[in-house]
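Trainee: could you look at this predicted model? Sequence included:
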Amino acid sequence: MNEDYINDLIEKSLDKTLTQTEKLELEHLCAQDSQVKKRLAEAKEVSLKINDEETPKFRAGFSNRVMRRIQNQKSVSFDELLAQFFPKIVAPAFAAVCLVMVSNMLMASPQADLVDALFALPDESSFSLILF
Amino acid sequence: MQGYETFTDLELVERAKSGNDRAFAEIVDRYEGVVAATVFSMVGQNDAEEVGQIAMIKFYNALGNYKGEASLKTYITRIAINAALDHIRSKKRFLDRFRSLDDEIIEESASLSNQGEALEKSQIVQIALSKLKPEFRSVAVLRLVQGYSTNEVSEILGVANGTVLSRLSRARKILSSYIKEQ
């Protein structure tokens, strides 16, 4: 007889979920094989012993201690915040500035200097004049 | 707590997912017994609190992964078992540098046995469980202490039902012989 099948019958017997056929089969196996009978007795004994024992508990206030650790975990340092949000803020801001500059350049007159066009500066306050 | 006792598990999880920590605290209250039964049997009294807290924090951090396909009890038990197995592995790695885990288990059992007859009586099973290898212990804890069916144990641990049955049979034999010795 397959070992797994015998083990399964023993488990079902403990759960009291054996069908009538399985029950007869297990009784037959126990009558035939003293090892199966011994295993069934051992299984019942261990289950009884475990059910007799008091269930262990955490000391009072377990959920408070867990929640405190979760709160501590949430209060991240400034460095972590910076690392987390820097890419999210800087990348879109840079893209927006580029977009504005390109649209300025497209709207500027063809004679305008490139730098003036990018910053939408009038000719008289030209960067080029100031700088060069 | 603002009437969360009447909420279903799924309602609590949904609230916790949207950042409601009181809802999560209610889940912790509701399932601390399940976690305690698992981790005490898996790692013993000394480390149970730490492993229990780690299990709950892991659950909090992975709340988004829970879609309600398994019961919350099963889901949290799985996290607790994995946290306990991780703890056993890392402790073993640490101890292996200095001595064998068997020495530790024997020492732990001996110290528990010396704490008086009353304690010994109430902890025979805990001591016996500590004698099992982690893969046998996890099966025994889920089936014998938590009362899961062998199919559920197989699902929680992600091993075949046949493996659960054979590990269980072997674990029972060891437990039975230890209990008889007492």
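Mentor: Yes, it's here.
Trainee: count of neighbours near residue 96?
Mentor: Unless you meant another one, I'm taking chain A. For A:A96, the number of neighbouring residues by other CB atoms under 10 Å in any protein chain shown comes to 10. Any C-beta I mention is one placed from the backbone N, CA and C, and that applies to glycine too.
Trainee: my bad, chain B
Mentor: Around B:D96 sit 10 other residues, with neighbours defined as other CB under 10 Å.
Trainee: now do it, the pLDDT please.
Mentor: As predicted, B:D96 sits at a pLDDT of 76.
Trainee: how about stretch B:47-66, does it get close to chain A?
Mentor: Yes: in terms of CB under 8 Å from any CB of the partner chain, part of stretch B:47-66 sits within range of chain A, namely B:A48, B:E49, B:G52, B:Q53, B:M56, B:I57, B:Y60.
Trainee: from the residues you listed, which land in helices?
Mentor: By the criterion of DSSP state H, membership of the residues of stretch B:47-66 next to chain A in helices covers B:A48, B:E49, B:G52, B:Q53, B:M56, B:I57, B:Y60.
Trainee: most neighbours among those residues, which one is it?
Mentor: If you count neighbours using other CB under 10 Å, the busiest of those is B:M56, which has 28 neighbours.
Trainee: how about that one: what's its closest non-neighbour residue?
Mentor: Counting by CB to CB, 6 or more residues apart in numbering or on different chains, B:M56 lies nearest to A:V66, which is 4.6 Å off, once chain neighbours are set aside.
Trainee: tell me the contacts of the one you found?
Mentor: Residues counted as contacts of A:V66 (CB atoms under 8 Å, 6 or more residues apart in numbering or on different chains) are B:A25, B:V28, B:Q53, B:M56, B:I57.
Trainee: can I get those residues in TSV including pLDDT?
Mentor: Formatted as TSV, the contacts of A:V66 follow (pLDDT from 0 to 100):
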residue	pLDDT
B:A25	96
B:V28	97
B:Q53	97
B:M56	97
B:I57	96
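Trainee: could you chop chain A up by domain?
Mentor: A:3-52, A:73-131 (automatic domain parsing).
Trainee: would you tell me which of those domains gets closest to chain B?
Mentor: Of all these, the one in closest proximity to chain B, counting by CB to the nearest CB, is domain A:3-52 (3.9 Å).
Trainee: A:R39 is in contact with A:L26, correct?
Mentor: No: assessed by CB atoms under 8 Å, A:L26 is found out of contact with A:R39, at 10.7 Å.
Trainee: mutual contacts of the two, please.
Mentor: In the contact map built from CB under 8 Å, 6+ apart, the residues linked to both A:L26 and A:R39 are A:I10.
Trainee: hmm, stretch B:148-157 in reach of chain A?
Mentor: Yes: for stretch B:148-157, a contact with chain A is found by CB under 8 Å from any CB, at B:S149, B:T150.
Trainee: CA atoms only for that stretch - export them in PDB, please.
Mentor: Output in PDB follows, covering the C-alpha atoms of stretch B:148-157 (Å, rounded to 0.1, in the frame of the first residue of the first chain):
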ATOM      1  CA  TYR B 148      -4.500  23.500   8.800                       C
ATOM      2  CA  SER B 149      -5.400  20.600   6.500                       C
ATOM      3  CA  THR B 150      -2.500  18.900   4.700                       C
ATOM      4  CA  ASN B 151      -3.700  20.500   1.500                       C
ATOM      5  CA  GLU B 152      -3.600  23.900   3.100                       C
ATOM      6  CA  VAL B 153      -0.100  23.200   4.500                       C
ATOM      7  CA  SER B 154       1.000  22.200   1.100                       C
ATOM      8  CA  GLU B 155      -0.300  25.500  -0.300                       C
ATOM      9  CA  ILE B 156       1.200  27.700   2.400                       C
ATOM     10  CA  LEU B 157       4.600  26.100   2.100                       C
END
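Trainee: what sits closest to A:E25 if chain neighbours are left out?
Mentor: Per CB to CB, 6+ apart, closest to A:E25 is A:L9, 6.7 Å.
Trainee: report how many residues lie close to the one you found.
Mentor: Counted with other CB under 10 Å, the neighbours of A:L9 add up to 20.
Trainee: thought A:L29 was touching it, still the case?
Mentor: Yes: judged on CB under 8 Å, A:L9 makes contact with A:L29 at a distance of 7.3 Å.
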